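[1] sequence unknown, structure follows:
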């Protein structure tokens, strides 16, 4: 049952807060800065209003999560510190002598109350609206970039997982009928992934028509696990405890396993929009969403600063249509040329290579030797054929038996030619120098708010982690800018 809103604190020791917690304390400043009652308004439908045990105030539970983010603490640690830290108790609207919650309550709050909420957009909207109200955001420029977060778990070798799953299935079969050993296909004894895939698929096919065996729960369970593993490897070429995480590429030679957070930030370093995706997703495709969300949050956008990942033909056309100056350096390899919009190959600016729809990166590139026209040169990107042979997307992409797989792009389109002329201007060069600000913001999120690694599994948990980290970062930035404004007023 939801407690009454605005319950007053009755304590003989409440005056201690004024003696112990200075006005400069960041938690006191945050509490004075923003009204957290919006949390209750958003979550009121997640509680029963007139039945059941009295719940902990959702505003207080949300503040616990915010404290976790600001100080990079675990559930247990934030509760333990709240027991003895008076600034924590003050921020949580607790009396000095009040007891704290059980740490497990935070897990239930995240899973039951915050489930299915668009927390990321909600919290960013609240801070941007607050910044505009305080007169902090005045610029019409947004800076866009993506930062990566490593998954809590590590990817497993597809070969090892397949061998383990098939072994588990055979073991469950032997337990039911020892004689079936002679009827099953011969095990694959080498370490060739393609051979293991063929064996596993043969094993599945061998059992699919046996209704007697597959009706036994322990056999059916292991068979389904093997099927899911085959599908997962075909789609993503990797498996993990974190089923939403994917392999992305930071450079040509380095990769990460996890998620990407695509961020739009005002010139004042307030995050105005963000989206969270799996690690293999293209940066450039998120530009339109980030711009539209920033506008929805009250930002007037006439300039976008971004790196070369965002200078694709579609983004250039979008910027022209919206009358926005796109300050993004044009790399010849970024061009989508004259290919159709449905083409899912995308350019990874960090690695300088194209990535296929399955998330596999090209292993080398060269100028197309068959291009005769000097006015329309092309670059060919070559992919690992061994991966193409077993890829779930190979139909229509890879020709069976082919010794190579390449993807070719024209160096420039008409739109990019115009962009190339634009980036030679002094205005472009001077404006582009502001892009460093978002690199600093990415570093802040990782180093200060623990955003370099996921604290839980799945895309929904990553969205929640991103929402809290960006919310905390925006609040502290607003406080700093307000302090600067006050200092400037005093100096004047």
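    Arrived safely, thanks for sending. Computed from a predicted model, the values in this text were never measured in an experiment.
[2] going by C-alpha atoms from here, please, whenever you check contacts or count neighbours.
    Noted.
[3] helices of the stretch 101-250 of the chain, start to end?
    104-108, 119-133, 158-176, 193-207, 211-214, 217-236 (DSSP state H, counting those that start in this stretch).
[4] meant to ask about the stretch 301-450 of the chain
    Under DSSP H, counting those that start in this stretch, the stretch 301-450 of the chain gives helices at 313-321, 385-389, 414-422, 426-432, 436-449.
[5] ok, residues contacting the third one?
    The reference is to helix 414-422. 313, 316-317, 329-330, 335, 428 (Cα atoms under 8 Å, 6 or more residues apart in numbering).
[6] widest-spaced pair of those?
    The largest separation in these, counting by Cα to Cα, is between 335 and 428 at 19.3 Å.
[7] neighbour count: these two, which is higher?
    residue 335 (23 against 17; other Cα atoms under 10 Å).
[8] state the pLDDT value of the more buried one.
    On pLDDT, residue 335 comes in at 43.
[9] quick one: which of the contacts of helix 414-422 has the lowest pLDDT value?
    Minimum pLDDT for these is recorded at residue 335 (43).
[10] got JSON lines for the helices of the stretch 101-250 of the chain, with mean pLDDT and mean neighbour count too?
    Shown next, in JSON lines, are those (pLDDT from 0 to 100; neighbours: other Cα atoms under 10 Å):
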{"stretch": "helix 104-108", "mean pLDDT": "90", "mean neighbour count": "13"}
{"stretch": "helix 119-133", "mean pLDDT": "96", "mean neighbour count": "20"}
{"stretch": "helix 158-176", "mean pLDDT": "87", "mean neighbour count": "18"}
{"stretch": "helix 193-207", "mean pLDDT": "89", "mean neighbour count": "17"}
{"stretch": "helix 211-214", "mean pLDDT": "84", "mean neighbour count": "13"}
{"stretch": "helix 217-236", "mean pLDDT": "79", "mean neighbour count": "18"}
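[11] out of those, flag the one nearest residue 487.
    Proximity to residue 487, assessed across these by Cα to Cα, is greatest for helix 119-133 (17.6 Å).
[12] what's next to that closest one, contact-wise?
    34, 137-138, 270-275, 297-298, 463-464, 466-468, 470-471, 474-475, 478.
[13] these in strands, which ones?
    Counted as lying in strands by DSSP state E, out of the contacts of helix 119-133, are 271-275.
[14] mind giving me the PyMOL select for those residues, buried ones only?
    Filtering the ones in strands among the contacts of helix 119-133 down to the buried ones (16 or more other Cα atoms under 10 Å) takes a single PyMOL command:
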select buried, resi 271+272+273+274+275
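[15] ok, the ones in strands among the contacts of helix 119-133 vs residue 380, which is closest?
    residue 275 (31.5 Å).
[16] who does that closest one bridge with?
    In this structure, residue 275 bridges to residue 262 when assessed by DSSP bridges.
[17] columns distance to residue 22 and pLDDT on top of the ones in strands among the contacts of helix 119-133, output as TSV?
    TSV is the format used below for the ones in strands among the contacts of helix 119-133 (distance: Cα to Cα, whole Å; pLDDT from 0 to 100):
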residue	distance to residue 22	pLDDT
271	28	97
272	31	97
273	33	97
274	34	97
275	37	97
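[18] any idea which of the ones in strands among the contacts of helix 119-133 is closest to residue 405?
    Nearest to residue 405 among the ones in strands among the contacts of helix 119-133 is residue 275, at 32.2 Å by Cα to Cα.
[19] residues contacting the closest one?
    120, 261-263, 286, 290, 463.
[20] got the domain ranges for the protein?
    Residue ranges for the domains of the chain, per automatic domain parsing: 16-117, 158-236.
[21] what's the end-to-end length of the first one?
    Domain 16-117 has an end-to-end distance of 37 Å (criterion: Cα to Cα, to the nearest Å).
[22] got it, and stretch 309-329?
    Stretch 309-329 end-to-end distance (Cα to Cα) = 9 Å.
[23] give me the contacts around it.
    283-285, 287-288, 301-308, 330-331, 334-337, 347-349, 413, 415-416, 419-420, 423, 428, 431-432.
[24] check which residues of that stretch are buried.
    309-317, 319, 324-329.
[25] looking at these, which one is closest to residue 228?
    Checking the buried residues of stretch 309-329 against residue 228 by Cα to Cα gives residue 309 as the nearest, at 33.6 Å.
[26] tell me who's in contact with the most far-flung residue of the chain relative to its centre.
    Within the chain, residue 179 marks the point farthest from the mean C-alpha position, 49.5 Å out by Cα atoms, centre = their mean. With contact set as Cα under 8 Å, 6+ apart, residue 179 has no partners.
[27] hang on, residue 42 is in a helix, isn't it?
    Yes. Counting by DSSP: H, G, I helix; E, B strand; the rest coil, one finds residue 42 located in a helix.
[28] follow-up on the earlier one: turn the helices of the stretch 301-450 of the chain into CSV, including distance to residue 247.
    Output for those, formatted as CSV (distance: least, Cα to Cα, whole Å):
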stretch, distance to residue 247
helix 313-321, 25
helix 385-389, 14
helix 414-422, 30
helix 426-432, 29
helix 436-449, 19
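[29] for residue 248, which of those is the nearest?
    Once the helices of the stretch 301-450 of the chain are compared by Cα to Cα, helix 385-389 is nearest, at 15.9 Å.
[30] tell me the buried residues in that closest one?
    In helix 385-389, residues buried by neighbour count (16+ other Cα under 10 Å) are 385, 387-389.
[31] going by distance to residue 199, which of those residues wins?
    Using Cα to Cα, the buried residues of helix 385-389 come closest to residue 199 at residue 389, 15.3 Å.
[32] nearest residue to residue 462 other than its sequence neighbours?
    Excluding its sequence neighbours, the residue lying closest to residue 462 (Cα to Cα, 6 or more residues apart in numbering) is residue 454, at 6.5 Å.
[33] pretty sure that neighbour contacts residue 149?
    Yes. With contact defined as Cα atoms under 8 Å, residue 454 counts as touching residue 149 (6.3 Å).
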